[in-house]
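Peer 1: Fold the following, please.
(2 chains)
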Amino acid sequence: MTGELLTIKDLHTGFRIKDTYYDAVDGVSITLKKNEILAIVGESGCGKSTLATSIIGLHDHNKTKVQGEISYNGLNLALLDEDNFNKVRGEEIGMIFQDPLSALNPLMRIGEQIEEGLIYHTNLSKDAREKRVLELLSQVGIPKPKRVIRQFPHQLSGGMRQRVIIAIAISCKPKIIIADEPTTALDVTIQAQILDLLIDLQAETGAGIILITHDLGVVAEVADRVAVMYAGQIIEEAPVDELFSNPQHPYTRSLFNSIPQMNSEDDKLQVIQGLVPSLVKLPRTGCRFSSRIPWIPARAHEENPILHEISPGHLVRCTCWQHFHFEGERGGSFQ
Amino acid sequence: MSFMQINDLHVHYPIRGGFFNAVVDNVLAVDGISLEFEKGKTYGLVGESGCGKSTTGKSIIGLEKVTSGSIIYEGEDVTNKSRNRNSSFNKDIQMIFQDANSSLNPRKRVQDIIAEPIRNFLKLSDLEEKRKINELLAIVGMPEDAKLKYAHEFSGGQKQRIGIARAIATNPKLIIADEPVSALDLSVQAQVLNYLKDIQKELGLSYLFISHDLGVVKHMCDHISIMYKGRFVESGNRQDVYQSPQHIYTKRLLSAIPTIEPSTRESRKRERITVEQNYQKEEYQYFDEDGRVFDLYSLSDTHKVAMTTTNKEVIHKVAMTTTNKEVI
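Peer 2: Residues are numbered from 1 along each chain as shown, chains lettered A, B, ... in the order given. Sure, this is the predicted structure:
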């Protein structure tokens, strides 16, 4: 089908702990279309960052096992060896990291760091490269780019550093940009600027963006489509308006209820019982969220929960959502 | 009645350089703020990183040296006082730190972590101490067997609750909570915020709630102060700050917060751009030539806003005439 940039099918990424592999990403299938911002939301430890690093191949192959299919442009990235991957990484897929300070080399000037990708992936002349670097810096909204290329990361503010990271990510005009918590380390005013920048850049370049975040506010602000992850699986996927107006999975609904709302005077926040199960102890069969909603009878869950399409483009895992009610509320038809 | 007042607090960090490492300049981390604390209320301190909100919290509890200004606790000046174990101030003001990981001693069992303030300030027998620890763990909703474990055996939310148990161990009057939930996930954050509210109701505590998350602050706080470059730009209750913000900086901050309404995205972006343009245009009115925020004046009983160059003269005149009248 046209319009699809990246197709992930049944991806498993396992980490080795004492000779056994435990899947942090456990059977994720998702597609990224052109001109789309796909948000992946979840709490820490749900596997969202592991999914991102699997796509761009940043895992140590001695300790992790990536199985499944990540097809991009006829290539299966999961099977690609390091040499071939280096051609894809940076040129076809760019990545924006969470912490701009640790993602930049403190000993290299900003200009050199942006130029690095251009040296590797293009055969531009030195002058052409410098021109491109200046162009990139002004594209991401850095004032006085001529001065900034001579500066070091510590001389820039957090927001400016994140702009530099974005400039590096888009330097070779990638088709896909993976943004792993791009605004978590930033203040709200800077966050708003960076998010606007991402939207503008996407409109300009037509790249597909995978945005990984735990902040539902950020998702509502920029995403086109959202996938919610819990314990290594996608448990709900929907277009952004649909997900925010009509969330269905018990986990998604609980998450929305635990946000302190700007315009609610409600005293109590909804709390999700229990804890996110650890990777090692995670039960691999049945509904993974069932242990946190014990008041819902076991019969409501599917034995092997799969994603059901409940309306066009809206997928929900397991059948328990049909019978879900918050604790203390009266249940529906389910007896 | 307020039990504690902070008057014109300044915390400056010297910048050294040149010959003999002389002080060449000062970083004005906190530059003249005043606050009053009443029993059972929550006071929010909001601002961007680097605006001095954490320094304010630390200087109140005595972890930073106060350059000038005074902290009056129950009629007694406790600014920069050498604090000893008999001081009631130390016992009555406690702190919850942002990073539960680094604020709990990894070599101590939970019971020893929680018992530390008890051993310092309350003279209890062993048996009473044990009972008190069990009681505290029950308040924060932890099982009793937790007290023999070490900090690393707990999740982030549980660690933060141990930090809360330690803070309330001495029955304090004021707890300074420095970003207590910003390192936590959404569902855990809800848990901790609920606990903080429950404990407040039960024990009649006051909080100084320091945060950069305006949603959390609105949920928690009765009185909110917005801080910028070491000074308050606006303070008031929830209604004042969120419904009718007056200072341009507050407006800008509020317009930048994402909401969970995807349908309003376009209109909010337009609004944000207008506010940003106004900010660029009118910025000079709100700050003096050093970029310093002007002094506050009262709009209503609760609502205070920093002056601008345009209304400064008028307010001064009004203030002068009223004082003159009083003299006459």
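Peer 1: Look up how far B:I224 lies from the most centrally placed residue in chain B.
Peer 2: Residue closest to the average C-alpha location in chain B (Cα atoms, centre = their mean): B:I210, at 3.4 Å. Using Cβ to Cβ, to the nearest Å, we find B:I210 at a distance of 11 Å from B:I224. C-beta here means a position set from N, CA and C on the backbone, and glycine is covered the same way.
Peer 1: Ok, A:T213 next?
Peer 2: 26 Å.
Peer 1: before we move on, what about A:E112?
Peer 2: On the measure of Cβ to Cβ, A:E112 and B:I224 end up 45 Å apart.
Peer 1: In terms of neighbours, single out the busier of those two.
Peer 2: B:I224 (24 against 14; other Cβ atoms under 10 Å in any protein chain shown).
Peer 1: Which strand or helix spans that one?
Peer 2: Applying DSSP states H and E as the criterion places B:I224 in strand B:223-228.
Peer 1: Show me what the most centrally placed residue in chain A bridges to in the sheet.
Peer 2: Centroid-nearest residue in chain A: A:I212, 2.2 Å away (criterion: Cα atoms, centre = their mean). On the basis of DSSP bridges, A:I212 is bridged to A:I40, A:D180.
Peer 1: now B:V30
Peer 2: In this entry, B:V30 is beta-bridged to B:V11, by DSSP bridges.
Peer 1: correct me, but it touches B:F232?
Peer 2: No - applying Cβ atoms under 8 Å as the test, B:V30 and B:F232 come out as separate, 10.3 Å apart.
Peer 1: okay, those two: which has more neighbours?
Peer 2: Taking neighbours as other Cβ under 10 Å, B:V30 and B:F232 compare with B:V30 leading, 27 against 23.
Peer 1: What separation is there between A:E302 and A:R288?
Peer 2: 11 Å.
Peer 1: Have a look at those two and say which one is more surrounded.
Peer 2: A:R288 (23 against 14).
Peer 1: shouldn't that one be in contact with A:H249?
Peer 2: No - here A:R288 lies out of contact with A:H249, judged by Cβ under 8 Å, at a distance of 11.1 Å.
Peer 1: re the thing from before, can you give the contact residues for the strand holding B:I224?
Peer 2: Strand B:223-228 is contacted by residues B:33, B:35, B:41-48, B:51-53, B:56, B:217-218, B:232-238, B:241, B:247, B:249-250, B:253, B:293, B:302 when judged by Cβ atoms under 8 Å, 6 or more residues apart in numbering or on different chains.
Peer 1: do stretch B:179-190 as well
Peer 2: With Cβ under 8 Å, 6+ apart as the test, stretch B:179-190 has contacts from A:43-44, A:214, A:216, A:254-255, A:258-260, A:269-272, A:276, B:54, B:96-100, B:155-157, B:160, B:163-164, B:192-193, B:196, B:209-213, B:216.
Peer 1: Inside strands: which ones of those residues?
Peer 2: Within the contacts of stretch B:179-190, residues falling in strands by DSSP state E are B:96, B:209-211.
Peer 1: residue contacts, residue 25?
Peer 2: Picked chain A for this. Residues near A:V25 by Cβ under 8 Å, 6+ apart: A:11-13, A:47, A:50-51, A:54, A:232.
Peer 1: ah, I was thinking of chain B
Peer 2: Contact analysis of B:D25 by Cβ under 8 Å, 6+ apart lists B:14-15.
Peer 1: how close does it get to chain A?
Peer 2: 18 Å (Cβ to the nearest Cβ, to the nearest Å).
Peer 1: farthest-separated two in the contacts of A:V25?
Peer 2: A:S54 and A:G232 (11.6 Å; Cβ to Cβ).
Peer 1: burial measure for the closest residue to B:R238 other than its chain neighbours, as a count.
Peer 2: The spatially closest residue to B:R238, leaving aside those adjacent along the chain, is B:K218, at 6.1 Å (Cβ to Cβ, 6 or more residues apart in numbering or on different chains). Using other Cβ under 10 Å, B:K218 has 21 other residues around it.
Peer 1: again, but for the one 3 residues further on
Peer 2: The local packing count at B:C221 equals 22, with neighbours defined by other Cβ under 10 Å.
Peer 1: Am I right that it is in contact with B:G44?
Peer 2: Yes - if you go by Cβ under 8 Å, B:C221 and B:G44 touch, sitting 3.3 Å apart.
Peer 1: who touches both of these two?
Peer 2: B:F209.
Peer 1: and whatever helix or strand A:G68 lives in, average pLDDT?
Peer 2: Under DSSP H and E, the secondary-structure element containing A:G68 is strand A:64-72. In this model, strand A:64-72 has an average pLDDT of 91.
Peer 1: Stretch A:189-207 now?
Peer 2: For stretch A:189-207, the per-residue pLDDT averages 88.
Peer 1: Off-centre distance for that stretch?
Peer 2: Offset of stretch A:189-207 from its chain centre (Cα atoms, centre = their mean, to the nearest Å): 16 Å.
Peer 1: what comes into contact with it?
Peer 2: For stretch A:189-207, contacts defined as Cβ under 8 Å, 6+ apart pick out A:34-35, A:37, A:139-141, A:158-159, A:162-163, A:166, A:170, A:173-177, A:179, A:182-183, A:186, A:209, A:211, A:218, A:221-222, B:48, B:252-253, B:255-256, B:258, B:269, B:272.
Peer 1: Buried among the residues you listed? Make that a PyMOL selection.
Peer 2: Burial among the contacts of stretch A:189-207 is assessed by 16 or more other Cβ atoms under 10 Å in any protein chain shown; the matching PyMOL selection reads:
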select buried, (chain A and resi 37+139+140+141+158+159+162+163+166+170+174+175+176+177+179+182+183+186+209+211+218+221+222) or (chain B and resi 48+252+253+255+256+258+269+272)
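Peer 1: thinking A:M229 is in contact with A:S44, fair?
Peer 2: No - contact criterion Cβ under 8 Å: A:M229 and A:S44 do not qualify, at 11.1 Å.
Peer 1: Which of the two has more residues huddled nearby?
Peer 2: A:M229 (25 against 14).
Peer 1: SS state for that one?
Peer 2: Secondary structure, DSSP: H, G, I helix; E, B strand; the rest coil: A:M229 is strand.
Peer 1: What distance do you get for it to chain B?
Peer 2: Taken as Cβ to the nearest Cβ, the span from A:M229 to chain B is 13 Å.
Peer 1: show me the contacts for that residue.
Peer 2: Applying Cβ under 8 Å, 6+ apart to A:M229 gives the contacts A:28, A:40-42, A:46-48, A:51, A:235.
Peer 1: and if we set it to 7 Å?
Peer 2: For A:M229, the contact set (Cβ atoms under 7 Å, 6 or more residues apart in numbering or on different chains) comprises A:40-42, A:46-48, A:235.
Peer 1: now these as CSV including pLDDT and neighbour count?
Peer 2: Converted to CSV, the contacts of A:M229 look like this (pLDDT from 0 to 100; neighbours: other Cβ atoms under 10 Å in any protein chain shown):
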residue, pLDDT, neighbour count
A:I40, 95, 28
A:V41, 93, 25
A:G42, 89, 27
A:C46, 87, 25
A:G47, 88, 24
A:K48, 89, 27
A:I235, 93, 26
